[in-house]
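Visitor: Sequence plus predicted model, see below.
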Amino acid sequence: MGNKVTKILVENNKAVGVETAKGNKINAKYVVSNADARQTFLKLIEPGKLNSKFLDCLNQMEPSLSFFQVWLGVDMNLRDKGITEYEIFCYPSYDLGYIYDSCLQGKFESGCGICIPTLSAPGLAPESKHIVSLIYPIPYDYKERWRTENGKRGDSYRKLKDEIKRQLIETAERVIPELSEHIILSEAATPLTLERYTQNSKGAAYGWASTPDQSGTNRLQPETLIKNLYLAGHWTTSGGGTITVAISGKNTAEMIIKVHSKSPP
Ligand SMILES: Cc1cc2nc3c(=O)[nH]c(=O)nc-3n(C[C@H](O)[C@H](O)[C@H](O)COP(=O)(O)OP(=O)(O)OC[C@H]3O[C@@H](n4cnc5c(N)ncnc54)[C@H](O)[C@@H]3O)c2cc1C
């Protein structure tokens, strides 16, 4: 934990370990990467170790949408206001095409996801207080990459972030009236924040976009072109989601155990 891998060590087309940012080399019989697929193949593996057709294909694939997120600490008793569901999707219609298009355009008044973890786990906040988190799917390149200047987050970035936070709180007031009057603390994250913390390309929330040509077997498989290097997680065939990535990890582990029992390296 807290150790960035900077290199997957490959000898004779076989993964033999990893190197970390602290300069440690860790030998391993097998390497499993659930990191961003572009990072795994374009950054962590030395150039020249993989065929260019595969790398071109990887470069052409499209990451999924990211999220704008808001977390609030509020001093209001939500149960007294009749709010008992810990997850609420607040959208004006069931037309998913319309909702998706609204998200691409950043129509923050159209709706948002509301999650209130303290309704299912009250111990997460003091009595009569709650955590309210708001999420809104959004592209990484919204407003010229969030009004960054030469990749840097300056005043324009922060202003845009604050404005969207305000708009989403207003949208959530359709479900939780007077929410804005009860905020004790607030925090927000853009797709750039997600990219920074998860290292997922473009802050992708679900790995590759779940389009038909990038789903199921069209996604990356657990086995790679490099022997003993395996993949798991949302960039692989099971796709995005916490349960699917857990299953993907289990499947990859079982695959390695099977391979190892037949012919250990
Ligand atoms: C805001 C948001 C809400 C979501 N809501 C839901 C939901 O309600 N239900 C659901 O099922 N799914 C949801 N998802 C999707 C789900 O969270 C992801 O698909 C899933 O967590 C991906 O898991 P993973 O293990 O593949 O990758 P990640 O969770 O991205 O894990 C990869 C890990 O590798 C680490 N890492 C990356 N590079 C390196 C490196 N070089 N060295 C060392 N470590 C590295 C990262 O720090 C990270 O910890 C949501 C995603 C987001 C962003």
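Guide: Looks like it came in fine.

Visitor: give me every residue that touches the residue of the chain found nearest the ligand.
Guide: Taking Cβ to the nearest ligand atom, the ligand has its nearest neighbour within the chain at residue 233, 2.5 Å off. Every C-beta, even on glycine, is put in place using the N, C-alpha and C of the backbone. Shown in contact with residue 233 (Cβ atoms under 8 Å, 6 or more residues apart in numbering): 33-35, 207, 245, 248-249.

Visitor: change it to 6 Å
Guide: Applying Cβ atoms under 6 Å, 6 or more residues apart in numbering to residue 233 gives the contacts 34, 245, 248.

Visitor: tell me the secondary structure for it?
Guide: coil (DSSP: H, G, I helix; E, B strand; the rest coil).

Visitor: so how far is residue 73 from residue 174?
Guide: 21 Å (Cβ to Cβ, to the nearest Å).

Visitor: And the pLDDT at residue 26?
Guide: Residue 26 is assigned a predicted lDDT (pLDDT) of 97.

Visitor: if we take the contacts of residue 233, which one ends up nearest to residue 87?
Guide: residue 245 (19.0 Å; Cβ to Cβ).

Visitor: Quick check: that closest one touching residue 232?
Guide: No: using Cβ atoms under 6 Å as the test, residue 245 is too far from residue 232 to be in contact (7.1 Å).

Visitor: quick one: pLDDT of residue 43?
Guide: We have a pLDDT of 96 for residue 43.

Visitor: neighbour count winner among residue 174 and residue 73?
Guide: Counted by other Cβ atoms under 10 Å, residue 174 and residue 73 do not tie: residue 73 has more neighbours, with 17 against 14.

Visitor: Buried ones among the contacts of residue 233?
Guide: 34, 245, 248 (16 or more other Cβ atoms under 10 Å).
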